[in-house]
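Chemist: Quick check, what structure comes out for this input:
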Amino acid sequence: MPGRMAAQRRAAVLPAWKLSSRLPMLVLILLLLGAIQFGPRFISRESIWQDISFRSCLSWELPDLAVDNENSRPVLNLAMVSLAGIDPNYLPGILEHGLPASMESEEMAIAPNVSALGNEVEHSLDTAGLARQLPDLSQKPVLVAIYHTHNAETYIPYQGQAKVEGQNGGVSLAGNEMVKVLAETGIRAVHDLTIHDYPDFPTSYIKSEPTARKLVQQNKELQALLDVHRDAGLPVKETVRVGNEDSARVMIVVGNGQRGLPDPNWRENYTFAQEVANRLQELHPGVLKKVMLMEGRYNQHVFPHAILVEVGSEKNTLDEVLVASRCFAEALAEVIKK
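Modeler: Numbering: from 1, shown residues only. Next up, the predicted model:
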């Protein structure tokens with residue numbers, strides 16, 4: 001009896017052993033079949049992109065037009081997504097993996113567009129790709145330099161928050177608008193987008209001083225150095241009517257060299273600020289909020305025509321801010337040309 005049971009057990013184990021020994025061969029056959037089926041399509045450069053239509057390109061920015069779903073992707077596509085994090089049928093993802101996070105311009109950094117500044121809330125025609133034709137000023141000297149000590153400052157109606165940490169917020173668009181308006185009047189300006197307020201906000205002015213000095217040293221005919229910010233903490237939004245548009249209000253801040261931070265240029269800075277303020281009030285009454293003299297120096301000791309410009313507050317819309325930026329730049333241009 002025991003011998004018969006042992007024989008029966010050996011008879012049952014034998015087919016299972018034969019099956020397990022053939023399993024690697026079966027897997028290899030399946031892989032070969034998969035390669036035959038999908039390989040030519042994957043290797044062919046044209047076939048990789050043959051599924052990209054105009055509608056599918058639109059769907060990359062418009063989720064409602066999405067034409068792809070996880071279940072319809074080829075097996076090899078899903079494998080690449082799992083192993084490399086790249087979908088060969090998704091062009092933006094490939095570009096994202098192939099391009100550096102940032103690029104530096106030799107002279108002028110252009111403010112990022114709407115999609116590069118976080119979650120857009122407000123839609124602004126001025127940032128929707130309506131480019132203005134600007135004159136070629138490359139042979140002219142730089143007369144105005146703009147930078148931001150507090151790059152993260154932005155506008156709640158535009159981005160849904162008052163700051164975008166580690167990024168250039170809405171204030172960079174205010175600065176960029178000034179550059180454009182100045183160019184339209186024949187004045188060449190540069191716009192430096194170096195981040196100074198991240199990750200250590202309290203040392204922002206310490207970190208922005210080398211940027212201010214560099215702009216002064218590189219541009220020997222400079223006439224104005226602007227540190228562009230926005231105000232904060234106001235109980236309500238402040239606007240004024242300019243033509244048929246609402247404008248934010250502008251405040252100019254000058255340091256008086258107190259608090260142990262001497263500034264030999266503060267009186268000249270204050271005189272320059274008053275000149276710009278008076279012309280702004282003449283051109284666009286009400287846009288100017290005030291010229292404020294404050295303790296400290298705000299890096300204005302590096303240049304005799306250095307001022308801090310606050311364009312609106314966190315409660316203003318981007319459109320209101322851009323109107324105010326244009327008004328300020330027009331006044332500044334007239335003072336420089338005088």
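
Chemist: Isn't residue 226 up against residue 146?
Modeler: Yes. Using Cβ atoms under 8 Å, residue 226 is in contact with residue 146, at 4.7 Å. Every C-beta, even on glycine, is put in place using the N, C-alpha and C of the backbone.

Chemist: Mind listing the shared neighbours of the two?
Modeler: Taking Cβ atoms under 8 Å, 6 or more residues apart in numbering as the criterion, residue 226 and residue 146 both touch 175, 178.

Chemist: what bits of this protein have low per-residue confidence?
Modeler: Scanning the chain for pLDDT under 70 picks out 1-30, 32-131.

Chemist: measure residue 189 to residue 149 for me?
Modeler: Between residue 189 and residue 149 the computed distance is 18 Å (Cβ to Cβ, to the nearest Å).

Chemist: Look at those two and report which has more neighbours.
Modeler: residue 189 (27 against 23; other Cβ atoms under 10 Å).

Chemist: Wait, a strand at the more buried one?
Modeler: Yes. When DSSP: H, G, I helix; E, B strand; the rest coil is applied, residue 189 is found to be in a strand.

Chemist: That one - nearest residue in space that isn't next to it in sequence?
Modeler: residue 144 (3.9 Å; Cβ to Cβ, 6 or more residues apart in numbering).

Chemist: Tell me which helix or strand comes right after the helix or strand where that neighbour lies.
Modeler: In this structure, residue 144 sits in strand 142-147 according to DSSP states H and E. Sequence-wise, the next helix or strand downstream of strand 142-147 (DSSP H and E) is helix 156-159.

Chemist: My read is that residue 187 contacts residue 334, right?
Modeler: No. At 10.1 Å, residue 187 and residue 334 do not qualify as touching, with contact defined as Cβ under 8 Å.

Chemist: which of the two has more neighbours?
Modeler: Between residue 187 and residue 334, counted using other Cβ under 10 Å, residue 187 has the larger neighbour count: 22 against 16.

Chemist: For residue 314, see how far away that one is.
Modeler: For residue 187, the distance to residue 314 - Cβ to Cβ - is 29 Å.

Chemist: For the helix or strand hosting residue 172, name the packing helices and strands.
Modeler: If you go by DSSP H and E, residue 172 is part of helix 170-184. If you count contacts as 3 or more Cβ pairs under 8 Å, 6 or more residues apart in numbering; DSSP states H and E, helix 170-184 packs onto strand 142-147, strand 188-191, strand 224-231, strand 306-313, helix 318-337.

Chemist: so what's the nearest residue to residue 287 once chain neighbours are set aside up against?
Modeler: Once flanking residues are discounted, residue 287 sits nearest to residue 327: 4.7 Å by Cβ to Cβ, 6+ apart. Taking Cβ under 8 Å, 6+ apart as the criterion, residue 327 is in contact with 242, 247, 250, 280, 283-284, 287.

Chemist: is it true that residue 329 touches residue 176?
Modeler: No. Counting by Cβ under 8 Å, residue 176 is not a contact partner of residue 329; they are 10.7 Å apart.

Chemist: now the helix holding residue 172 and strand 306-313, what's the angle there?
Modeler: Angle, helix 170-184 to strand 306-313, by axes from the mean of the first three to the mean of the last three Cα atoms, to 10 degrees: 120 degrees.

Chemist: Please report phi then psi for residue 265.
Modeler: Dihedral angles of residue 265 (phi, psi; degrees, to the nearest 10) stand at phi -100, psi 0.

Chemist: wait, residue 298
Modeler: phi 50, psi 40.

Chemist: From residue 205, how far off is residue 211?
Modeler: Note on residue 211: its distance to residue 205, by Cβ to Cβ, is 11 Å.

Chemist: show me what contacts the closest residue to residue 171 other than its chain neighbours?
Modeler: Among residues not flanking residue 171 along the chain, residue 153 sits closest, at 4.7 Å (Cβ to Cβ, 6+ apart). Residues near residue 153 by Cβ under 8 Å, 6+ apart: 162-163, 169-171, 229-230, 232, 314.

Chemist: Please spell out the ChimeraX selection for the buried subset of those.
Modeler: Here is the ChimeraX command that picks out the buried ones among the contacts of residue 153, judged by 16 or more other Cβ atoms under 10 Å:
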select :162,163,169,170,171,229,230,314
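
Chemist: Make JSON lines out of the contacts of residue 153 and add distance to residue 308.
Modeler: Listed next are the contacts of residue 153 as JSON lines, based on distance: Cβ to Cβ, whole Å:
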{"residue": "162", "distance to residue 308": "18"}
{"residue": "163", "distance to residue 308": "18"}
{"residue": "169", "distance to residue 308": "16"}
{"residue": "170", "distance to residue 308": "17"}
{"residue": "171", "distance to residue 308": "12"}
{"residue": "229", "distance to residue 308": "6"}
{"residue": "230", "distance to residue 308": "11"}
{"residue": "232", "distance to residue 308": "14"}
{"residue": "314", "distance to residue 308": "17"}
